[in-house]
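Novice: A structural model of the following input is requested.
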Amino acid sequence: MRKPTLRFWSPSAPSPELDNEEPDIHSDGLQCYVAIDGWQGYVAVPDAESDAVHVRGVAGTNADATRATGSWHRTEDGYSIVVSVDVGRAIETGESVPVNLVVNEMYAGRARRAGQVALSGGGWAYLRGDRESPGSAVLGEVS
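Specialist: Numbers count the residues shown, from 1 in each chain. Next up is the predicted model:
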């Protein structure tokens, strides 16, 4: 992500209690979705004090946050993040898997996220929160 000033939520921060959303949605970070053994959704937010990533499963999906890990690092003009999800089996070459990736963006002086952009399209949005559906997924093919 290219963004010179990063705003990451911390688990020790008080909840802003906005929009019936989990507080980590109001942060720079990612939402990762995959449709294997049901629709699984994960919110991943970098820890500003280390290379760790806080990961939680999205309510209403088959996510198991113990199966998702991540790491991140600052770049010259933003940050790079990698999130891995153990789907419990090998994904075969040529297999197509429904996926979606959403980038959340936050700015100083705001209580709420600035917006989100999704791999599946639809442009910049504010109101989607962590409610991506399998119907909006794109097919990723393993090569």
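Novice: Can you name the residues bridging to Val102?
Specialist: In this structure, Val102 bridges to Gln31, Ala118 when assessed by DSSP bridges.
Novice: Which residues are in contact with it?
Specialist: Taking Cβ atoms under 8 Å, 6 or more residues apart in numbering, we find Val102 in contact with 30-31, 33, 116-119, 128, 132. Every C-beta, even on glycine, is put in place using the N, C-alpha and C of the backbone.
Novice: Name all residues that make contact with Val43.
Specialist: Going by Cβ under 8 Å, 6+ apart, Val43 touches 22, 24-25, 29-31, 55-56, 58, 104, 130.
Novice: if you look at those residues, which of them are in strands?
Specialist: 29-31, 55-56, 104 (DSSP state E).
Novice: which of those lies closest to Val138?
Specialist: The closest of the ones in strands among the contacts of Val43 to Val138 turns out to be Gln31 (Cβ to Cβ; 13.9 Å).
Novice: you'd agree the closest one is up against Arg113?
Specialist: No: contact status for Gln31 versus Arg113: not in contact, 11.1 Å apart, counting by Cβ atoms under 8 Å.
Novice: Would you check how far apart the spatially most central residue of the chain and Val82 are?
Specialist: In the chain, the centroid-proximal residue (Cα atoms, centre = their mean) is Gln31; its distance is 1.7 Å. Separation of Gln31 from Val82 (Cβ to Cβ, to the nearest Å): 15 Å.
Novice: now swap in Ala111 and tell me
Specialist: With Cβ to Cβ as the criterion, Ala111 and Val82 are 29 Å apart.
Novice: Between these two, which has more neighbouring residues?
Specialist: Neighbours were counted for Ala111 and for Val82 using other Cβ atoms under 10 Å; Val82 has more, 12 against 9.
Novice: which residues of the protein score low on pLDDT?
Specialist: Residue ranges of the chain with pLDDT under 70: 1, 122-129.
Novice: hang on, the earlier thing: dump the contacts of Val43 to TSV, plus distance to Pro16.
Specialist: Shown next, in TSV, are the contacts of Val43 (distance: Cβ to Cβ, whole Å):
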residue	distance to Pro16
Glu22	10
Asp24	11
Ile25	10
Gly29	15
Leu30	19
Gln31	18
Val55	20
Arg56	16
Val58	18
Asn104	14
Asp130	15
